[in-house]
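**Student:** Fold the following, please.
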Amino acid sequence: MDIRRDSTDVLKASAAHTITYRPDIDGLRAVAVGLVVLFHAWPKWLRSGFIGVDVFFVISGFLITSIILKDLKQRSFTIRGFYVRRIRRIFPALITVVLAVLAFGWYVLLQQEFAQLGKHVAAAAAFVSNLVLWSEAGYWDNESVTKPLLHLWSLGVEEQFYLVWPIAMALCFRVRFGILAFLALTLAGSFLYGLYATFNHPAEAYFSPVTRFWELASGGLVAYAMTKRSPLLPAPLLISSLGLLLLVLGAVLIKGQADFPGAWALLPVLGTCALIAAGNVSFINRRLLGNPLMVKVGLVSYPFYLWHWPLLSFGYIIEGEKPEPLVKAALVLAALALAFLTYHLIERPVQKSPNKRRAIQGLVAAMACFGVLGVMVKAGLLQERMPSTAVARYMGALNDLGFPDPAMKPLRYNGSLFQQLDGRGQGTTVLIGDSVMEQYAPLVAQGLREGRFDRSKVIFATQGGCMPVEGSVRLPRLRYPTCTTTVTDAWRLAASPEVDTVVVAASWYGYFANWQQDVQMPVDGQLQTFPAASAHEAAYATLQQSIARLRAAGKRVYLILQPPSGNQFDPRSMITGSRFGEMKPRTDMEPYRVERFYGDNAAPRQRLLQIAQATGTLPIDPVDTVCKDGICPTVNAQGEPIYTDPVHMRPFYVKSRVHYLDPALNGTGKSVALH
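**Tutor:** Below you'll find the predicted structure:
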């Protein structure tokens, strides 16, 4: 974030390009960074702390617009001068933190982890982190906590704002009401598109600058209004109280990142606007936000924001799980200490450098250098410290996926995007499910290519992470925006007259586990969240009804139970050692026993078998094929992991060992073109 401040000394040093210093705004920055840090460290305590980013956006829009307006009125505004000041304020701390992250990542990360970090370092240097993270969003994206530079997405949004804002303001300045019209149109257009994108393209809504500019423009509108001679607000205490109330409501009412930013973002945005517009004379601004402790934290809020997430992320990566509460508290305190050191030893000296030209040249050169380093890391030209030879087979198994297969061609159905494979036989099979179904793509493609499967078409009506039960909702919607509509379309497609065979498969035991809280089902008109018994029962009943309809239409239906799964299949669990020393293969792996797998998942397995029996569906248990004599292998005869993660089989294993899909991919039936 560009959580910038202009202390009194800096103001005096460059008074021509600054506005009157307001301690309460530094205090507001402290509130914002506090919300974000609490959310990242203890998300269950404050699920809405991410609204601190929205507070930052409004503050940045207000300050930048205020400075530009002042310079325009004084006829001293230049594009070059604007960017020189941005570089002096943003680059020093950013360069310091990113280089520290890259160096530490080189020491502790494994091959693929380090390569991804290099990609994110390069994105940070180009200020496009938000666009890169947007492109990565989806089911197969790795956990956000394993991305030490994830938080730089917000800095990318701001820098993209800075690319267009000063130029647009300068162009509009000479036209009467031009700036006001520009601010209003930007705010309205961005907000309205954000409302649309939040419910239709959640990842875009969260990371795109287009859907966020209205927040910065809101701060700009406050800055414009405060340049008028007449007082903006007649009752500062009332307005500041309202602003504080809106922030509190945002922190209390917003639950998670579903449906955000959207209309929910109005709470933190309007609250921040009100607090800024109230001025620094009200009691809340002067005494609460403007007290010395809040101001001190606000002064270092930018480096504090930059430091806190990498420390928490590396804590998770090194521990392999969430760090203990005391460890997280220590990491947060360490981030705050590093923030003060960065501010006093790096930021301030650079900003007060007597040779401004040389300082700017050095900062730009350093930024370019770490961008090049990031590209080199991503390309494998600069490798991690830890030798990967001993664990290469395990690291090579990660992300070894076979979907979509190169032979597939997209199939649009009612707006949902499915994948189709063509064969030389007769009949059409529709495969409904999530990524567990998608893992069979290499097998189906190979069988059709070799003529082993007698099908005209095989359609993967699937979506990773989406439970194939009509009406179900997968959370968070930011990551699973189309589950409900895609699943509905999949069952509609399966009901088409030209389809004679349907196969349903999913990570059933994961969805119906007692720890699963990211699935919802409608119950009596209200969404109930798993693992509530009423939600489970609704899902089972709906699945049975959907299958029964297909059976009543005369279709062959196969219900595939979940293949063996668990951490023992995860290639990462086959590695031991320390990230500060050396990683090597484990020699103490216990065998994976079918008895335990059945015991742990007895309830959902039994219900699925009951559904199959009640509907006349053919159940298939992959355990019968994968496992032998009560033991399921986790590696092949050559010691290669057969899974790419705890749930999904690798393509080579699917093609060589999975035969239980053969009946559903053979048989005669009519073949009619799908539309």
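**Student:** low-confidence ranges in this protein?
**Tutor:** For the chain, the stretches flagged by pLDDT under 70 are 1-18, 138-143, 229-234, 256-258, 320-321, 478, 668-675.
**Student:** you'd agree residue 504 is up against residue 547?
**Tutor:** Yes - with contacts counted by Cβ atoms under 8 Å, residue 504 reaches residue 547, the gap being 7.1 Å. The way it works is simple: take the backbone N, C-alpha and C, and place the C-beta from them, glycine included.
**Student:** Spell out which residues are contacts of both of the two.
**Tutor:** 557, 559 (Cβ atoms under 8 Å, 6 or more residues apart in numbering).
**Student:** how many other residues sit next to residue 361?
**Tutor:** 12 (other Cβ atoms under 10 Å).
**Student:** let me fix that: residue 354
**Tutor:** Residue 354, neighbours per other Cβ under 10 Å, totals 6.
**Student:** got the CA coordinates for stretch 585-593 in CSV?
**Tutor:** Provided in CSV are the C-alpha atoms of stretch 585-593 (Å, rounded to 0.1, in the frame of the first residue of the first chain):
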residue,chain,number,x,y,z
PRO,A,585,13.1,-38.4,1.5
ARG,A,586,11.3,-39.9,4.5
THR,A,587,12.0,-43.5,5.4
ASP,A,588,9.3,-43.9,8.0
MET,A,589,6.2,-43.7,5.9
GLU,A,590,3.4,-45.9,7.2
PRO,A,591,1.3,-47.9,4.8
TYR,A,592,-2.1,-46.5,3.9
ARG,A,593,-4.8,-48.9,5.1
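**Student:** can you give me the offset of it from its chain's centre?
**Tutor:** 33 Å (Cα atoms, centre = their mean, to the nearest Å).
**Student:** before we move on, what about stretch 404-411?
**Tutor:** With Cα atoms, centre = their mean, you get 26 Å for stretch 404-411.
**Student:** Pull up the distance across it, start to finish.
**Tutor:** Stretch 404-411 has an end-to-end distance of 12 Å (Cα to Cα, to the nearest Å).
**Student:** got the buried residues for that stretch?
**Tutor:** 404-405, 407-408, 411 (16 or more other Cβ atoms under 10 Å).
**Student:** likewise stretch 202-212?
**Tutor:** Under the neighbour-count criterion of 16+ other Cβ under 10 Å, stretch 202-212 has 202-209, 211-212 buried.
**Student:** now swap in stretch 192-200 and tell me
**Tutor:** Buried, per 16+ other Cβ under 10 Å, within stretch 192-200: 193-195, 197-198.
**Student:** Check stretch 101-117 too.
**Tutor:** So, applying 16+ other Cβ under 10 Å, buried residues of stretch 101-117: 101-102, 105-106, 108-111, 113-117.
**Student:** Between all of those, which two are separated the most?
**Tutor:** Greatest spatial distance in the buried residues of stretch 101-117: 101 and 111, 17.2 Å, computed using Cβ to Cβ.
**Student:** can the buried residues of stretch 192-200 go into CSV with extra columns for secondary structure?
**Tutor:** Putting those into CSV (DSSP: H, G, I helix; E, B strand; the rest coil) gives the following:
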residue, secondary structure
193, helix
194, helix
195, helix
197, helix
198, helix
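**Student:** Could you dump these into CSV with distance to residue 439 added?
**Tutor:** Shown next, in CSV, are the buried residues of stretch 192-200 (distance: Cβ to Cβ, whole Å):
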residue, distance to residue 439
193, 36
194, 36
195, 37
197, 31
198, 31
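**Student:** Now for the buried residues of stretch 202-212: which two are most distant?
**Tutor:** Farthest pair in those, by Cβ to Cβ: 202 and 209, 15.7 Å.
**Student:** follow-up on the earlier one: which of the buried residues of stretch 101-117 sits closest to residue 225?
**Tutor:** Of those, the one sitting nearest to residue 225 (Cβ to Cβ) turns out to be residue 101, at 39.9 Å.
**Student:** The closest one: what's it in contact with?
**Tutor:** By Cβ under 8 Å, 6+ apart, the neighbours of residue 101 are 117, 121, 148-149, 310.
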